[in-house]
Structures are given as C-alpha cells and as structure tokens.
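1. just to be clear, the model below is a prediction. Sequence and coordinates:
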Amino acid sequence: MSLSQITRKFVLICFFVLLWYIISSFYFEQKELLSDKNEETLTEVHLTSPLTLSSNTTITDDDRNPLEELNKKYCGKPTCKFLFVYSLGEQETKANLHFRSFSQLAEKLNRIMILTNVGSSRIGTCNKFPFDFYYNTNLLQKEFPNVLFKSENDFIFWLKERDQIKRKINNNDNKVIPPLSILHSSIKLHHKNTNMKTFYDNAVTNFDKHECISKFEPLMNTKDSNNSRVKYTKLFIRTTDLKTEKSRVKSSELLTKVLTIDEEILLVNGYVIFPLFPQIMPVIPYSDHILNEAQKIKDKLSSSYIGIHWRLERSTPELLPKCVQGLIKTLNKVMKEEGIKNIYLATDYPLLSSRSQSSTFKEITNYHHDAIRTLNETFKINTWVSLGGLEQLRKNDKYNKELSGSGIQGILDKLVCVNSNYFISGPKGCSRSSSFTRAIADKRSNRIKNKDSGLLNIIDRWEIHL
C-alpha cells in the first residue's frame, strides 16, 4: 500500500471518529437539558382545590370575590345598597322638596341615592332626561356630602355588570351568586281617611308598583324569582305626622327604623306632599344651562322688569274679564310709580302650541283667550318664547314634548320671576293658588334682605272689583 493511500485511510478514520464524538456530545447535552426542564416544570405547578367564600361564591386562588370587587369599584365597599325613589308624584317645585327628603333618608340608611330621571316638570323614572338636565349634581353633592349619588345609567351599568358576573360564575347545578334582593315599598299619605294612624305593613305582590319599572328588565325582573327576590311593603303616613317639625321627628325615626334592611335595592314609590324630616334642606340648585338662559332673558329685559305669574288653571272663567282689568290697573300703577317699562309673564296659557303649558290644565275657554288677548293689546308682554329662551333645545325635535307642556321652561320662568324687580300674582278666582308662586316668594323674601338685590317687593296680588 502506497503512502498516499495510508494517509487517505487515516484521515477518513479520524473524520468518522470526530463525527461520532460530536453527535454523541450533542445527544447527551440535549437529554440533560430536557431533564432539567421537566424538573423545573414540576416544581412550579401547584395543584389545589377551588377556594370558596362563606357566600358560596366560587373564586380563584387570588382570593377575590368578583361581585365584591365590582361593588368596591362602584360603591366603595363590598356590598352595594341603593335607595331608588323611582316615582315622586308631584310637579317640580314639590318634587324638588321630596327628593331632598329622600336624600336625607339615604344618608340615614347609608345607601346610595339614585338620581332619578326628570322631564315634564317631574322627577320619575318614566321620564327620559337625566337628573342633571334640571339640576346641578355637583352642588347637590355639596349639600349632601355623606351621600353617594349615582345616575340611572350608572345603576343600569351596575345591574349589567352584576348579571354578567352571575352568568359567568353560576352553573345549572350550583348557583353561587344569589338573585337580586329587593324591597319595594309604597310610601304615601292617608288621603281618604285622615283619622287613620301611621302604619307600616307587608303588602301583596306587585302592590302599587309602577309599570315604568319594566324599563330595567330583564336585569331587574321583579317577576322572576331566579332573577330577583322581592318583598313588598306599604307605609301610610297620617298627614298630621308630617305637618310640623316636632311631629316629623317621630315619623322620620319610624321611617328610618322600618327601612333599615339588608336588601341590595330599596325601591320606593313615594307620594308624601310634606317633608319627611324635621330639617328642610335647601332647594336643589338648577343646572348651569338653565341659569344661563335666565340671565340672557334678564339682560334682554334691560335688567328692569315686572314679573307676573298668572296660572289660569282653576280660575273662574266668567271672572276673567274683570281679572285682566284688575291686572292692567295694577301694572299701570307699578310702572308709573317705579319707572319700570318691561313686563315678563310666566303662565300656563299655551305659548308654543294649542295645548296649555300644564298637563293638568285642559279646559281652555274663550274667556281665557280673551283675557290674554286683552293683556297683549294693552302692553308689550314678554315670555320665555318671545325672548328666545331655550333656543338650542327648541331646535331639537326630541325636546318638543318637554317644551310644549310643563317642563324645563317652568324652571326658567321661576328663575326669571325670582330676579324681577317687582313681582305680582293673581288673587283667588283669577289664578290658582300655587306652590310655584310660593317658592318664588320665599326665594325673594330671602334675597330682599340684601340691600343691593334690586327687589322692590316680595309679592303683591292684584285686585279685582266684583
């Protein structure tokens, strides 16, 4: 064998030996790496059984109850408790008072107060506008610093989130998040029998429940026991138990006692007329956009004007010719003595359509038409319509019903009359006695104490000669 052949054979042998060494090293290295990975995986995995709270809500090993987490996020505490007064049976001036009373109750019960919808001069869930369409919620919060307020939309959000959690966690065999717990209570005055004492008692299913509550279905379906556990009660209050500050002490204590409950939602259908608590809280401040409209009207009237509130509803139609002559005589006298040239009329007489500005004023006669026509022919009479009030809302069709009846313009009228230099209203027979008029007079009474207010009187009634 030649030298070159021996050399070639030796090189081949060395090559195969080297190749075998490389492959063997790689195999054992990978085997060792794989072994290490398996050991690491086994040491990191901890198999445990599911944890369960006393409420039977199944949770993960991070020890958090999802319903409690929702409540903490929304209410600031593990359990949410709401007071939802979904119906207040009177127009804005008195409804304003009653909402304040129930806000006081929310504070006593340590419950979140739902800001019920508004519209048509009322506070009630049947209406479609949010609470801040009428009221300044920031200033309301300052009046009740210890009460947490939430809008109806916020409430719906909580219901939806709670429902999603329930659906996710519950199963057919083991329902671990219970249905909503609700107490529906009707709180009313005794009307038919004033001798009956105040009492609180259980009520039959669906007692005095307003149909508008159905807007929250299926999230708060009070007819489905799998969805909501509902109790019904009634509280009838004797009128004399609310008429004085002293009597309201006892009745408010009873109210707080019987409604101190564990249910998540306290639904109330209320119609009480008088305050519920001894202390009467200040009027809920109105929204800035209404205040701005009132200021615009005041500026257009050159900041000097006579305000008239003439509510024609329940006037005696046959007296109206004499009523309007008495008003004309009074206006001439005030304008001459005080040097005021401008007149602003707040009225329930139709201004935007053939319907009156009040939902309860339906029988408009020729006597009514003639009286207003005579007034307009004698003076230049300004109204919120003629002065372009709420112009932006009037451009939007969704506000048509609100503006053609009793609604936001009633608040505007109230503010303009409060700021008038001189204020007059009709006597018995010419005008309906109204809490609206009294609210204006009360506000003027507080303001006239300020020497720089520019107010010349609180309220005068014009006279008629029978």
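-> On my side now, so go ahead.

2. show me the shaky parts of the stretch 251-400 of the chain.
-> Along the stretch 251-400 of the chain, no part satisfies pLDDT under 70.

3. K94 - nearest residue in space that isn't next to it in sequence?
-> Among residues not flanking K94 along the chain, S435 sits closest, at 5.6 Å (Cβ to Cβ, 6 or more residues apart in numbering). (Glycine included, C-beta is placed from N, CA and C.)

4. if I look at that neighbour, how far off is V283?
-> Distance of S435 to V283, computed by Cβ to Cβ, to the nearest Å: 12 Å.

5. ok, V416 next?
-> Per Cβ to Cβ, V416 is found 16 Å from V283.

6. ok, and what's touching the host helix or strand of K250?
-> Assessed by DSSP states H and E, K250 sits inside helix 245-258. Contact partners of helix 245-258, identified using Cβ atoms under 8 Å, 6 or more residues apart in numbering, comprise 105, 108-109, 187, 198, 200, 233, 235, 237, 240-242, 274-278.

7. could you rerun that using 10 Å?
-> Outside helix 245-258, the residues within contact range by Cβ atoms under 10 Å, 6 or more residues apart in numbering are 101-102, 104-105, 107-109, 185, 187, 198-201, 233, 235, 237-242, 272, 274-280.

8. mind listing the strands for the stretch 251-400 of the chain?
-> For the stretch 251-400 of the chain, strands defined by DSSP state E, counting those that start in this stretch occupy the ranges 265-271, 305-310, 342-347.

9. to F144, which of those lies closest?
-> Across the strands of the stretch 251-400 of the chain, the minimum distance to F144, taken as Cβ to Cβ, is reached by strand 265-271, at 16.8 Å.

10. neighbouring strands for the closest one, and are they parallel or not?
-> With DSSP bridges as the test, strand 265-271 is paired with strand 82-91 (parallel), strand 180-189 (parallel).

11. turn those strands into TSV, columns for mean pLDDT and distance to Y135.
-> Below are the strands paired with strand 265-271 laid out as TSV (pLDDT from 0 to 100; distance: least, Cβ to Cβ, whole Å):
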stretch	mean pLDDT	distance to Y135
strand 82-91	95	13
strand 180-189	95	22
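
12. which of those sits most buried?
-> Mean neighbours per residue, mean count of other Cβ atoms under 10 Å, is largest over the strands paired with strand 265-271 for strand 82-91, with a mean of 22.

13. starting at the chain centroid, how far to it?
-> Chain-centre distance of strand 82-91: 9 Å, with Cα atoms, centre = their mean, to the nearest Å.

14. for T347, what are its contacts?
-> By Cβ under 10 Å, 6+ apart, the residues touching T347 are 308-313, 356-358, 361, 372, 375, 381, 383, 413, 426, 431.

15. and for P275, nearest residue in space, chain neighbours not counted?
-> S101 (5.2 Å).

16. quick check: the one you found vs E313, distance?
-> 26 Å.

17. re the thing from before, might one say that the residue nearest to P275 is in contact with I237?
-> No: here S101 does not reach I237: they are 11.7 Å apart, not a contact under Cβ atoms under 10 Å.

18. count of neighbours near K336?
-> 9 (other Cβ atoms under 10 Å).

19. swap that for K300, sorry
-> Using other Cβ under 10 Å, K300 has 16 other residues around it.

20. so what's Y74 up against?
-> By Cβ under 10 Å, 6+ apart, Y74 lies in contact with C80, I112, L148, K150, D154, F155, F157, W158, E161, R162.

21. next up, the contacts around the closest residue to the third one other than its chain neighbours.
-> Excluding the flanking residues, the one nearest L148 by Cβ to Cβ, 6+ apart is I112, at 4.8 Å. Shown here is I112, whose contacts under the criterion Cβ under 10 Å, 6+ apart are 74-77, 80-84, 106, 147-150, 154-155, 158, 265.

22. if we can go back for a sec, wait, isn't the residue nearest to K94 in contact with Q91?
-> Yes: with contact defined as Cβ under 10 Å, S435 and Q91 form a contacting pair (8.1 Å).

23. one step back: now a ChimeraX select for only the buried ones of the contacts of helix 245-258.
-> Those of those that count as buried under 16 or more other Cβ atoms under 10 Å are selected in ChimeraX with:
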select :101,102,104,105,107,108,109,185,187,198,200,233,235,237,238,239,241,242,272,274,275,276,277
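
24. re the thing from before, tell me the secondary structure for the residue nearest to P275?
-> At S101 the chain is in helix, as set by DSSP: H, G, I helix; E, B strand; the rest coil.

25. mind checking pLDDT for it?
-> Looking at S101, its pLDDT reads 98.

26. ok, it - contacts?
-> By Cβ under 10 Å, 6+ apart, the contact list for S101 reads 85, 88, 242, 248, 252, 255, 270, 272, 274-277, 279-281.

27. what about D224, how many residues nearby?
-> 13.

28. before we move on, what about the one 3 residues further on?
-> Using other Cβ under 10 Å as the criterion, N227 is surrounded by 18 other residues.

29. L345 now?
-> 24.

30. that one bridge partners, please.
-> For L345, the beta-bridge partners are I308 (DSSP bridges).

31. 319 is where my numbering starts, stick with that
-> Got it, first residue is 319 now, which makes that one L663.

32. report the separation between it and S570.
-> L663 is 40 Å from S570, where distance means Cβ to Cβ.

33. tell me, what's touching S753 and V601 both at once?
-> T411, N414, L415, D760.

34. closest to N454 out of those?
-> N414 (12.2 Å).

35. distance of the closest residue in space to that closest one that isn't next to it in sequence relative to F592?
-> Spatial nearest neighbour of N414, excluding adjacent residues (Cβ to Cβ, 6+ apart): I602 at 5.3 Å. Per Cβ to Cβ, I602 is found 17 Å from F592.

36. likewise D519?
-> Distance from D519 to F592, counting by Cβ to Cβ: 21 Å.

37. do the same with L609
-> With Cβ to Cβ as the criterion, L609 and F592 are 28 Å apart.

38. got it, and L458?
-> Taking Cβ to Cβ, one finds L458 at 21 Å from F592.

39. so where's the stretch 419-568 of the chain uncertain?
-> 489-494, 509-512.

40. quick one: Y623 and L773 touch, right?
-> No: contact between Y623 and L773 fails when scored by Cβ under 10 Å: they sit 11.8 Å apart.

41. quick one: which of the two has more around it?
-> Using other Cβ under 10 Å, the more surrounded residue of Y623 and L773 is Y623, with 23 against 19.

42. thanks a lot, see you next time.
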